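**Student:** Generate a structure from the sequence data that follows.
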Amino acid sequence: MGIFSRTRDIIAANVTDLLSKSEDPAQTIRVIILEMEETLVEVRASAARSIADQKEMRRQTARLGELQSSWTEKAELALSKGREDLARAALVEREKVADMSDQLHEEIAVIEETLRASEADIHKLQAKLREARARQSAISARMESAHNRTRMREMYAGPRVDEAFSGFELLERRADYAEGEAEALMLAARPKTLEEEIAELRNAEKVDAELERMKAARSEAA
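**Tutor:** This next block holds a predicted model:
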């Protein structure tokens, strides 16, 4: 169902008010633009028909003018021949043609007035259509911006991001373990320091002394 019922509705319409009352501004603006475009086509088509009618009427008035001149010549000829009755009849026919011509001129004047009104309506409709298209562009830009913001929020606050960071933590743990293995291998391959070698000698002496003590104790017991 359309928003507008006639051309004057569109001209008088406040696009901003219509959109503010709509639950779906994007859909409403599309309907408004479609109806405006269709109405503009209809008004132009009507104006084209009026222009065609006007041209045809002007051709008819030209032919009627020629016919009036013809009846005038016939009346003068009849009068010159003493046929006043024929001259009078010719003048009567001329008056009939003149009346038809006057009527056509009146119709042409009405059409001219209609065309001026149509031209004014077309300019106003075009202005409204430009306004509606500008609002459509603004609404589209706002919707695209909102969509992009929603996508950004989903990217940094959504569950997929949490899963991705969990994956990063797992990879970091694996990297730590691999580095630990490498460092352990390096420890095994590292040459002993002087202090470590001396500490090992002391430990060996303690082990040897304890071993000798145990042997002596066994000998005494035997």
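
**Student:** for residue 83, phi and psi?
**Tutor:** Backbone torsions for residue 83, taken as degrees, to the nearest 10, come to phi -100, psi 80.

**Student:** domains for this protein, by residue range?
**Tutor:** Domains of the chain are assigned by automatic domain parsing as 7-155, 158-190, 194-222.

**Student:** Which of these comes out lowest on mean pLDDT?
**Tutor:** Of all these, the minimum mean pLDDT falls on domain 158-190 (a mean of 66).

**Student:** so what's the closest residue to residue 105 other than its chain neighbours up against?
**Tutor:** Ranked by C-beta to C-beta, 6 or more residues apart in numbering and with sequence neighbours excluded, the top spatial neighbour of residue 105 is residue 61, at 6.4 Å. Quick note: C-beta positions are derived from backbone N, CA and C, even for glycine. Residues counted as contacts of residue 61 (C-beta atoms under 8 Å, 6 or more residues apart in numbering) are 101, 104-105, 108.

**Student:** Can you show me the helices along this protein?
**Tutor:** 7-12, 15-20, 25-80, 84-157, 159-189, 194-221 (DSSP state H).

**Student:** any idea how far residue 110 is from residue 50?
**Tutor:** For residue 110, the distance to residue 50 equals 10 Å [C-beta to C-beta, to the nearest Å].

**Student:** With neighbour numbers in mind, choose between these two.
**Tutor:** residue 50 (16 against 12; other C-beta atoms under 10 Å).

**Student:** Please tell me I have it right and that one contacts residue 114.
**Tutor:** Yes. Counting by C-beta atoms under 8 Å, residue 50 touches residue 114, with 5.6 Å between them.

**Student:** ok, back up a step: from the contacts of residue 61, list just the buried residues.
**Tutor:** 101, 104, 108 (16 or more other C-beta atoms under 10 Å).

**Student:** can I get those residues in JSON lines with distance to residue 31?
**Tutor:** What follows is the buried ones among the contacts of residue 61, written out as JSON lines (distance: C-beta to C-beta, whole Å):
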{"residue": "101", "distance to residue 31": "48"}
{"residue": "104", "distance to residue 31": "43"}
{"residue": "108", "distance to residue 31": "38"}
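
**Student:** Tell me the one among these nearest to residue 42.
**Tutor:** residue 108 (22.9 Å; C-beta to C-beta).

**Student:** Can you tell me how far the residue lying closest to that closest one once chain neighbours are set aside is from residue 89?
**Tutor:** Using C-beta to C-beta, 6+ apart and skipping residues adjacent in sequence, the residue nearest residue 108 is residue 57, 5.1 Å away. Taking C-beta to C-beta as the measure, residue 57 falls 27 Å from residue 89.
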